[in-house]
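Colleague: Would you be able to build a 3D model of this:
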Amino acid sequence: YFRIGSAVAAASSFAARRYTAVVTATPHIAARFARIGARTLDINNYPLPNELVAVAKPDQQAAPRTRSRSVCYIGGISAIRGVREIIAALPAANATLLLAGPFENAGLVAELRAMPGWQNVQYKGVVSREGVRDILAEASIGLVLFHPMPNHIYALPNKMFEYMSASVPVMASNFAMWRDIIERSGAGRCANPEDPSDIARVLREMLDDPESLRRHALAGRHAVETEFNWISEERKLLDLYADLT
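Modeller: Sure thing, here's the model as predicted:
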C-alpha cells in the first residue's frame, strides 16, 4: 500500500507541475501542490445556504423552535466514523440519536443493535434530501465524530457545514483544523471521538444548556451565510476559469 501510495503521489506531482492550474477539495491538498510550484485553488464542498433550512408549515410560522434531546448523524455509517462510541455515549447523555444512512456491513448492524445504547437510537434508513431536512429540523445537535484517520483529520466534511446551514449546533471531533472552525465560528463544541465518556459529557453539557444551543445555532448559520457556502466557492471557480481564458 505504501509503494502504491508513493507512486500515485509522485505521478500526480509530476503532472501537476505541467497543468495550468490544479483545483483541489481542501486547503491541505492545495498546500501540497503549492509546495511543488503548481498554481492551486481549493474549492471546498460547502452547502447551498438554504437547501436544508426547515420550511415552516402555515400553522408554525410564529412558533419558536423547541430543542429536544435528539441528536443526529446522517451519512455513511461505519466504525471509523465513530458510530460505536456515539451509541455507547447515548444513555449517559440521556440523548436520542436520529440515525440515517447506509451501514458499512451487516456485521456492524448486528453489533450495534446488541449494544445497550441502541434503545436510544431511531434509525431512519437511507433518506432523501427532504428526509435530511426533516431530521435536521428535529435534532438539537449534529454529530461529526470521525476517528483520527489521515483522510479525516485534514478533511472538511460536508455534513458539518450542512448542520450549520440548518441552524443545528455541531459536535465534532477534536482535530486541530475542525476545532479551529468550530471555535472560530462558535457553531458548537468538540470532543474526543474515541472516548464515549467524553462524548457523553459534552453532549450532556450542550443539551442541558438551551441558551448555549441557541447561540451555537445562530453562530453556525451566520458562518454559513458569510463564509462556508457554495456560492462563494462557485465564484472562486468561475474567477479561475475567466482568468484562464
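
Colleague: Name the residue closest to the centre of the protein, please.
Modeller: M160 (2.5 Å; Cα atoms, centre = their mean).

Colleague: check contacts around it.
Modeller: G142, V144, V170, A172, W178, I181 (Cβ atoms under 8 Å, 6 or more residues apart in numbering). C-betas here are computed from N, CA, C, even on glycine.

Colleague: from the chain's centre, how far out does the helix or strand harbouring G107 sit?
Modeller: Following DSSP states H and E, one finds G107 within helix 106-113. On the basis of Cα atoms, centre = their mean, to the nearest Å, helix 106-113 sits 23 Å off its chain's mean C-alpha point.

Colleague: Could you list every helix and strand in contact with it?
Modeller: In terms of contacts (3 or more Cβ pairs under 8 Å, 6 or more residues apart in numbering; DSSP states H and E), helix 106-113 is packed against helix 83-93.

Colleague: could you check the angle helix 106-113 makes with the helix it packs on?
Modeller: If you take axes from the mean of the first three to the mean of the last three Cα atoms, to 10 degrees, helix 83-93 sits at 10 degrees to helix 106-113.

Colleague: Distance from the next helix or strand after helix 83-93 to the middle of the chain?
Modeller: Sequence order places strand 96-100 as the next helix or strand after helix 83-93, per DSSP H and E. Computed by Cα atoms, centre = their mean, the separation of strand 96-100 from the middle of its chain amounts to 15 Å.

Colleague: and P49, that's in a strand?
Modeller: No - using DSSP: H, G, I helix; E, B strand; the rest coil, the assignment for P49 is coil, not a strand.

Colleague: Show me where the chain has its helices.
Modeller: Shown for the chain, the helices assigned by DSSP state H span residues 2-16, 27-34, 83-93, 106-113, 129-138, 150-153, 158-165, 176-185, 196-207, 210-226, 230-244.

Colleague: Can you mark which positions in stretch 181-189 are buried?
Modeller: Residues of stretch 181-189 classed as buried by neighbour count (16 or more other Cβ atoms under 10 Å): I181, I182, S185, G186, A187, G188, R189.
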